[in-house]
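Q: Would you be able to build a 3D model of this:
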Amino acid sequence: MSNFKIPWLPITLATVPNIGGFIGGIYVRKNIKGWYETLNRPSWRPPNYMFAPVWTTLYTGMGYASFIVYRDGGGFQGAAKIPLILYSSQLLLNWAWSPLFFHFHKLKWSLFEICALWANVAGCTVAFYQVNKVAGSLMIPYLGWLSLATALTYYIYKNNPETPKEPIKD
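A: Okay, here's the model as predicted:
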C-alpha cells in the first residue's frame, strides 16, 4: 500500500478556471464561427485554433498560481486574502467577457470590460508576486495574452459598427 496522496486542492484550483472557460466557450461557439467571422479583424490576430490551447494553458497556470498563493499566504485568513479576492474578481471578469463580446455583440462594453480585466489582472499579478514570486510569474503570460486580446478588442471596436438595435414597434 502506498502513502501517495492525490493533491486535490492544487488539481481543483488549477481546473476551476478551465471549467468556466469551457462553459463560456460552448455558450458562444456558434457566434465565433458566425458573427465573429464577419467582422473587420486585424491581420495580426492569432488564428482561431490557437485560442483554446492558449486559454487552457493560461487558465491552468493561473489556477495553480492561486493554489500557491493560498498555500503560502495563509488562505483567506492570511496575507493571501486580498490577492485571492483580486484573483476571484478577475476570473469573473474573464468569464464575463466572452458572452458580452460574442453573444451580445457589445463591442464598446467589451472594450471597457477587458480594460477593467487587464487592470485587475495586473494588480492580481503584483499581489501574487508579493506572496510568492513563482505565483506572480505564472500570471505574466496571462497578462501578455490579455494585452493582445485587449488590443484586438480595441481594433474590432474601432473598425466595426455596433450591432444595430431592433426597431421599436408601435
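Q: what residue ranges in this protein are flagged as low confidence?
A: The model of the chain has pLDDT under 70 over residues 1-6, 27-31, 163-170.
Q: Show me what counts as buried in the strand or helix carrying residue 52.
A: Under the criterion of DSSP states H and E, residue 52 resides in helix 48-72. Of all the residues in helix 48-72, those buried under the rule 16 or more other Cβ atoms under 10 Å are 54-55, 58-72. For the C-beta atoms, the positions are set from N, CA and C on the backbone; glycine is no exception.
Q: Show residues contacting that helix.
A: The contact list for helix 48-72, computed with Cβ atoms under 8 Å, 6 or more residues apart in numbering, reads 9-10, 13-18, 21, 25, 32, 46, 80, 83-84, 87, 91, 128, 131-132, 134-136, 138-139, 141-142, 145.
Q: For the following helix or strand past it, name the packing helices and strands.
A: The element immediately downstream of helix 48-72 (helix or strand, assigned by DSSP H and E) is helix 81-98. Helices and strands touching helix 81-98, as assessed by 3 or more Cβ pairs under 8 Å, 6 or more residues apart in numbering; DSSP states H and E, comprise helix 8-33, helix 48-72, helix 107-131.
Q: Distance check, residue 75 against residue 9.
A: Separation of residue 75 from residue 9 (Cβ to Cβ, to the nearest Å): 10 Å.
Q: how deep is residue 101 tucked in, by neighbour count?
A: Close neighbours of residue 101, defined as other Cβ atoms under 10 Å, add up to 25.
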